[in-house]
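Chemist: Quick check, what structure comes out for this input:
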Amino acid sequence: MISKVFLKAGLPNIVAMYGRYFYLVTAADKVEVQFKFDNANVSDIRTDLREGMSNIFGSPVKQLIMISETDQIVEIWLAETELNYSALALGGASSGVDSGRAVCGLGASLVIERDFRRKSIVVQALADIAVGGVGVGGDSGYQLKKGESLKLGTRGDIYAYLQPAKIDSISTTTTQLPVPTPAYSSGFQHVDSTTCFFADNATGNLIAGYGRLVYSEDGGQTFLDSAVPDEFKSATFYGLGQTESAVYVRLSTNGIILVSRNGGKSFSYHGQLFGSKWADSGQTVSDSLTYGGWIGVDENHIILGGVNAVYVTKDGCQTWQKIDFTGYVRSVGVADNGDICIAYKGEFYRRENGVFVKKGGSYFGNGENTLLLIGAHVYWYCSGNNYLHYSPDGGDTVTRIAESMNGAKFIHQVGHSVVIGGLDKLGVISELGGAIDWYTSETASGMVRGGAIAATDSAIIVRQEANASNPTPVSHSYPASLAQGYLYPSAVQWIAELN
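Modeler: Residues are numbered from 1 along each chain as shown. Now for the predicted structure:
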């Protein structure tokens, strides 16, 4: 069988295998291999090898000692039978092509791993990116414009750099916008709390919702009802997330997900949890209550938070996996390495090696929890205790960076900046890991707290909430200057010629 071995740079890796037929199937870089034989009369052999090299020994090898100058994953074959190349490729194909998409996060991110076996690969940019090695940046690597392609013969890791936007300046001369909290039939919700609020990236429209979904084409001055399928009109809508070209909301029951690709003018059915299939057993899903969620760039990888569980689909709601967690999961996301993360009652949890591990924070039983995962940077905020925590390394080290948030209910990501939506105040962390700068609106809202946040390329809009139905809703729109870049992750398409 083929064995996959992770080699740490400079460290000897002892592999106990047996056989006369040896193949170094994949290796991104050179590997030094020492062969130890079963026959005591045969001396050890030490040699440098590269991917594709092989040998048939007269006496069986009983052990390999492998040393690499770099961290890499290699695949080897050592057995008493020859390697059948027709069974080599993962996924059942030994030659030909494969294709797919990879997430390109803000900043530098790994898009193609070195242990993906291929002869060559063509990547196509779906945004303006740079492609290269681990140190690729805005002024290094191959610079690709949106739609351009590049063929690479490398079998090593491939990184892409997507220039992130960030906030340069904020004006306190705010505009007051009547962003509503729409009730089920007409008018305003009893509690002035907007449960979904988006600035659509593709159209620039604002979208808001609670008992209804509404949209604005004039920057928030007027709002119209969104077209929603009849069977979902008597529902409560919650924000799920957005991509470069779509906005997603979820319903309070059955894990139903709707999507708009036209700036909120209409929403259509995307999928649901209840009634679908479990990925492991094929049985029908009977779980139905969900409280939070996350959606990936490819729009097929979705996570819903539930009661003592999170639900994960990677095929657009066709099948789901249930992962246990103790508590009602309202704030969930995915780290840059694929780990599922949760902000729960002021504390941050990360799923490591199949187990949720509490990494830090300050427990508090009430309030909204917001979780931002930006590369290795993590921010989470609990409005119940007003504590904002930060980690620069995925949760390994944690600092409480604020204990008073000026009536804020949520925090929000704007490229590589973070904003805090307070009562008549806007907090801004311009650089990840930096300090909070507070800006006070020149006009008071007359409300009691900050609410939901939406960001465009020229303004940060913060709902201002009352404790009752509000026929004259108020949101502060803070004019903002952003450094040129992207607000959301993108993707790269690839097609590979397999070994």
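
Chemist: rest of the way, CA atoms for contacts and neighbours
Modeler: OK.

Chemist: tell me the contacts of Ala402?
Modeler: Asn386, Tyr387, Leu388, His389 (Cα atoms under 8 Å, 6 or more residues apart in numbering).

Chemist: could you redo the last one with a cut-off of 10 Å?
Modeler: Going by Cα atoms under 10 Å, 6 or more residues apart in numbering, Ala402 touches Tyr381, Asn386, Tyr387, Leu388, His389, Tyr390, Ala435, Ile436.

Chemist: Surely the third one and Gly361 touch.
Modeler: Just to be clear, that refers to Tyr387. Yes. Checked against Cα atoms under 10 Å, the pair Tyr387 and Gly361 is within contact range at 8.4 Å.

Chemist: Looking at those two, which is more packed in?
Modeler: Between Tyr387 and Gly361, counting by other Cα atoms under 10 Å, Gly361 is the more crowded of the two (24 against 20).

Chemist: what residues are up against the more buried one?
Modeler: 343-349, 380-382, 387-390, 395, 398-400.

Chemist: The residues you listed in strands, which ones?
Modeler: Counting by DSSP state E, those place 343-344, 347-349, 380-382, 387-390, 399-400 in strands.

Chemist: Out of these, which comes closest to Leu24?
Modeler: Checking the ones in strands among the contacts of Gly361 against Leu24 with Cα to Cα, the nearest one is Tyr349 at 39.4 Å.

Chemist: The closest one and Lys359, how far apart?
Modeler: Tyr349 is 6 Å from Lys359, where distance means Cα to Cα, to the nearest Å.

Chemist: Which of these two has more residues huddled nearby?
Modeler: Each of Tyr349 and Lys359 has its neighbours counted (other Cα under 10 Å); Tyr349 has more, 20 against 15.

Chemist: ok, back up a step: which neighbours do Tyr349 and Lys359 share?
Modeler: Contact criterion Cα under 10 Å, 6+ apart; residues shared by Tyr349 and Lys359: Gly395.

Chemist: lowest-pLDDT helix or strand in this protein?
Modeler: In the chain, the helix or strand scored least confidently by mean pLDDT, DSSP states H and E is strand 96-104, which has a mean of 81.

Chemist: In CSV, could you pull the C-alpha coordinates for that strand?
Modeler: The C-alpha trace of strand 96-104 is given here as CSV (Å, rounded to 0.1, in the frame of the first residue of the first chain):
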residue,chain,number,x,y,z
GLY,A,96,-6.3,12.5,-16.9
VAL,A,97,-7.6,15.6,-15.3
ASP,A,98,-9.4,16.8,-12.2
SER,A,99,-10.8,20.3,-11.4
GLY,A,100,-12.3,22.3,-8.6
ARG,A,101,-12.2,25.6,-6.7
ALA,A,102,-10.2,26.6,-3.7
VAL,A,103,-10.8,29.4,-1.2
CYS,A,104,-8.6,32.5,-1.5
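
Chemist: what lines up beside the very next helix or strand once past it in the sheet?
Modeler: Proceeding N to C from strand 96-104, the next assigned helix or strand is strand 107-112, under DSSP states H and E. Strand 107-112 pairs in its sheet with strand 158-162 (antiparallel), by DSSP bridges.

Chemist: Show residues contacting the following helix or strand past the strand it pairs with.
Modeler: Under the assignment DSSP H and E, the closest C-terminal helix or strand after strand 158-162 is strand 166-170. Strand 166-170 is contacted from outside by 413-419, 426-432, 437-439, 457-460, 478-487, using Cα under 10 Å, 6+ apart.

Chemist: Could you list the alpha-carbon positions for strand 166-170 in PDB?
Modeler: Output of strand 166-170 as PDB, limited to C-alpha atoms (Å, rounded to 0.1, in the frame of the first residue of the first chain):
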ATOM      1  CA  LYS A 166      -9.000  48.200   5.400                       C
ATOM      2  CA  ILE A 167     -10.300  51.400   6.900                       C
ATOM      3  CA  ASP A 168      -8.100  54.500   6.400                       C
ATOM      4  CA  SER A 169     -10.400  57.200   7.900                       C
ATOM      5  CA  ILE A 170     -13.900  57.800   9.400                       C
END
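
Chemist: List the strands paired with it, with their directions.
Modeler: Here strand 166-170 is paired, per DSSP bridges, with strand 474-483 (antiparallel).

Chemist: State the separation between the strand it pairs with and the centre of the chain it belongs to.
Modeler: Taking Cα atoms, centre = their mean, to the nearest Å, one finds strand 474-483 lying 25 Å from the centre of the chain it belongs to.

Chemist: what comes up buried for it?
Modeler: Neighbour counts over strand 474-483 (16 or more other Cα atoms under 10 Å) mark Val474, Ser475, His476, Ser477, Tyr478, Pro479, Ala480, Ser481, Leu482 as buried.

Chemist: do the same with stretch 160-172
Modeler: In stretch 160-172, counting by 16+ other Cα under 10 Å, buried: Ala160, Tyr161, Leu162, Gln163, Pro164, Ala165, Lys166, Ile167, Ile170, Ser171, Thr172.

Chemist: quick one: contacts for Asn467?
Modeler: His190, Val191, Asp192, Ser193, Met447, Val448, Arg449.

Chemist: Could you check the pLDDT of it?
Modeler: We note a pLDDT of 91 for Asn467 in this prediction.

Chemist: now it: how far from Val378?
Modeler: Per Cα to Cα, Asn467 is found 31 Å from Val378.

Chemist: end to end, how far does stretch 312-321 reach?
Modeler: 5 Å.

Chemist: Give me the contacts around it.
Modeler: Under the contact criterion Cα under 10 Å, 6+ apart, stretch 312-321 has outside partners 255-257, 270-285, 293-296, 298-305, 309-311, 322-323, 340.

Chemist: The residues you listed in helices, which ones?
Modeler: In helices, defined here by DSSP state H, there are no members of the contacts of stretch 312-321.

Chemist: before we move on, back to that, select from the contacts of Ala402 the one having the most neighbours.
Modeler: The most crowded member of these is Tyr381, carrying 34 neighbours; neighbours defined as other Cα under 10 Å.

Chemist: For that residue, list each beta-bridge partner.
Modeler: Assessed by DSSP bridges, Tyr381 has beta-bridge partners Thr370, Leu388.

Chemist: cool, Ser268 as well?
Modeler: Val259.

Chemist: List the buried residues for the strand ranked longest in the chain?
Modeler: In the chain, taking DSSP E as the definition, the longest strand is strand 54-68. Across strand 54-68, burial judged by 16+ other Cα under 10 Å covers Ser54, Pro60, Val61, Lys62, Gln63, Leu64, Ile65, Met66, Ile67, Ser68.

Chemist: One more: stretch 359-378?
Modeler: Using 16+ other Cα under 10 Å as the test for burial, stretch 359-378 gives 360-362, 364, 367-375, 377-378.

Chemist: Give me the mean pLDDT for that stretch.
Modeler: For stretch 359-378, the mean confidence score works out to 93.
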